[in-house]
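Student: just the structure for this:
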Amino acid sequence: MIYLDNAATTKPDTHILEAYAKLSEDMFYNSESLHGGGLDANSLLEQARNYIKNYFDSSKQVIFTRSGSHANEIAIQLLLKERRPGCILVSPYEHLSIEAALEPYNDIYSLTMMPLDRDGHIDLDRLEKMMEGYVALVIMQHVNSETGYRLPVEDVGEMCVARNVPLHTDGVQGAHKDEVGIDRIPGSYSFSSHKIHGTKGTGVLMVDYRYMNVINSHFHHESGTQNGTLNVPAIGVMTMCLSSAPCIERMQNVRQYLKEKMESIGVITLDFDANAPHILACITPSIEGQYVMQGLSSKNIYVSTGTACGQGRMISSGLEELLGGRYETSENHYIRISISKNTTRDEIDTLASHMDHILQEVRQ
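Tutor: Prediction:
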């Protein structure tokens, strides 16, 4: 099996699974219990919080969540707590969890998409003009999960600081793969353990202290932002994932090799001024991406044609605009190949060989 859908989820490292099993045996206590076991679990959580703050060199508060999507939901609730009517600016590349979290606010705020240039980049000049009116919140990914486009979060953060506007950044695809100035984001940042070779069911929200607030008087966990017993072992191993070498340079080299191999067999690849090291978006001319994906799947090679959370909705409006504009094609010809620190060139060679065979069959 060759797994090339790492933007959807990553395989947990062996030592992470071993550590998780050991922590599950030794640290199974409820972190809210007041006996010695509960205090030990709570102490581990505080160590994890401090490690995450130090890792990102950030003064933001650390809230543990059930996932990256859950972290996005909490962030929006915290940042919009004043409920003063205005505009929310959102990048057109956002994950579906952002749309879901904003749904309760549709009657209070107007939602405006950030403008893109012809190459699919956020148009910063036009965006700055859009921020001249009252903006309640800005939302922008760190790295787009569909294309690997590294969005200009620090530049937008400076615009927000100048106007005292909070910025939420979904860092699920960027954390541990691309450096980011967390404290240059005047609001919050989210990420998830299972995207960095950890276990599922655990995420993090890092948020400026001034936005901390009890969301519901009946919420008793994580500073009043949620209910539910925290998965202490999973949180513990998440910090181990951050301490592991990310192998960014190696992934960049493999991605470049992948790009060259795809182009050599007639596949169009999407590139941006700044790219994450693990995602390559491709266009398969004259053949549907779903056909390519299923053909590869029959050979136990796994790629994707959109976000795994899509439930039938293939791509974001930003990618749809880019494909229909610059590339004059549609989502039907899009596939995403996402590598990990463990992906080898031999695996890329095997992928390219089978893809070439599929394309040749269609051409004939």
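Student: could you report the neighbour count for Gly38?
Tutor: When neighbours are counted by other CB atoms under 10 Å, Gly38 registers 15. Backbone N, C-alpha and C define where each C-beta goes, glycine included.
Student: oh, I was asking about Pro104
Tutor: 12.
Student: tell me the contacts of it?
Tutor: For Pro104, no contacting residues are found, by CB atoms under 8 Å, 6 or more residues apart in numbering.
Student: Ala19 versus that one, what's the distance?
Tutor: Distance, Pro104 to Ala19, using CB to CB, to the nearest Å: 38 Å.
Student: again with Arg83
Tutor: For Arg83, the distance to Ala19 - CB to CB - is 43 Å.
Student: repeat that for Thr169.
Tutor: The gap separating Thr169 from Ala19 is 29 Å, by CB to CB.
Student: so for the two, which sits in the more crowded spot?
Tutor: Legend: neighbour count by other CB under 10 Å for Thr169 and Ala19, higher for Thr169 (30 against 18).
Student: which residues sit in contact with the closest residue to Tyr134 other than its chain neighbours?
Tutor: Of all residues not flanking Tyr134 in the chain, Gly86 sits nearest, at 4.2 Å (CB to CB, 6 or more residues apart in numbering). Applying CB under 8 Å, 6+ apart to Gly86 gives the contacts Tyr109, Ser110, Gly133, Tyr134, Val135, Ala136.
Student: you'd agree the second one is up against Leu89?
Tutor: No: here Ser110 does not reach Leu89: they are 10.0 Å apart, not a contact under CB atoms under 8 Å.
Student: between these two, point out the one with more neighbours.
Tutor: Between Ser110 and Leu89, counting by other CB under 10 Å, Leu89 is the more crowded of the two (24 against 12).
Student: given the helix or strand where the more buried one lies, what are its sheet partners and their directions?
Tutor: Element membership of Leu89, judged by DSSP states H and E, is strand 86-90. Here strand 86-90 is paired, per DSSP bridges, with strand 109-113 (parallel), strand 135-141 (parallel).
Student: okay, the longest one in PDB with CA atoms only?
Tutor: Extracted as PDB, the C-alpha positions of strand 135-141 are listed here (Å, rounded to 0.1, in the frame of the first residue of the first chain):
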ATOM      1  CA  VAL A 135     -14.800  44.300  10.300                       C
ATOM      2  CA  ALA A 136     -15.700  42.100  13.200                       C
ATOM      3  CA  LEU A 137     -13.400  39.200  12.400                       C
ATOM      4  CA  VAL A 138     -11.000  37.900   9.700                       C
ATOM      5  CA  ILE A 139     -10.600  34.200   9.100                       C
ATOM      6  CA  MET A 140      -7.800  32.600   7.100                       C
ATOM      7  CA  GLN A 141      -6.000  29.300   6.800                       C
END
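Student: for it, give the mean pLDDT please.
Tutor: Taken as a whole, strand 135-141 has a mean pLDDT of 96.
Student: following it, which helix or strand comes up?
Tutor: With elements assigned by DSSP H and E, the helix or strand that comes after strand 135-141 is helix 153-163.
Student: what's in contact with the very next helix or strand once past that following helix?
Tutor: Once the chain leaves helix 153-163, the next helix or strand it forms, by DSSP H and E, is strand 167-170. Strand 167-170 has contacts (CB under 8 Å, 6+ apart) with 68, 72, 75-76, 79, 94-95, 97-98, 137-142, 153, 156-157, 160, 180, 185-190.
Student: if you set the cut-off to 7 Å instead, what comes out?
Tutor: Applying CB atoms under 7 Å, 6 or more residues apart in numbering, the contact partners of strand 167-170 are 68, 72, 75-76, 79, 94-95, 98, 137-142, 153, 156-157, 160, 185-190.
Student: could you do stretch 247-255 as well?
Tutor: Stretch 247-255 has contacts (CB under 7 Å, 6+ apart) with Lys177, Pro277, His278, Leu280, Ile339, Lys341, Thr343, Arg345, Ile348.
Student: number of nearby residues for the nearest residue to the second one once chain neighbours are set aside?
Tutor: So that's Pro277. Take Pro277 and drop its neighbours on the chain: the residue closest to it by CB to CB, 6+ apart is Met251, 3.9 Å away. Per other CB under 10 Å, the neighbour tally for Met251 reads 21.
Student: which SSE is Met251 in?
Tutor: Using DSSP H and E, Met251 sits within helix 248-264.
Student: dump that helix to PDB, restricted to CA.
Tutor: Only the C-alpha atoms of helix 248-264 are listed here, as PDB (Å, rounded to 0.1, in the frame of the first residue of the first chain):
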ATOM      1  CA  ILE A 248      10.500  19.700   6.200                       C
ATOM      2  CA  GLU A 249      13.500  19.800   3.800                       C
ATOM      3  CA  ARG A 250      13.100  16.100   3.000                       C
ATOM      4  CA  MET A 251       9.400  16.600   2.200                       C
ATOM      5  CA  GLN A 252      10.200  19.600   0.000                       C
ATOM      6  CA  ASN A 253      12.600  17.500  -2.000                       C
ATOM      7  CA  VAL A 254      10.100  14.600  -2.400                       C
ATOM      8  CA  ARG A 255       7.400  17.100  -3.400                       C
ATOM      9  CA  GLN A 256       9.700  18.600  -6.000                       C
ATOM     10  CA  TYR A 257      10.400  15.100  -7.300                       C
ATOM     11  CA  LEU A 258       6.700  14.400  -7.400                       C
ATOM     12  CA  LYS A 259       6.000  17.600  -9.300                       C
ATOM     13  CA  GLU A 260       8.600  16.700 -11.900                       C
ATOM     14  CA  LYS A 261       7.300  13.200 -12.300                       C
ATOM     15  CA  MET A 262       3.700  14.400 -12.700                       C
ATOM     16  CA  GLU A 263       4.600  16.900 -15.300                       C
ATOM     17  CA  SER A 264       6.600  14.300 -17.200                       C
END
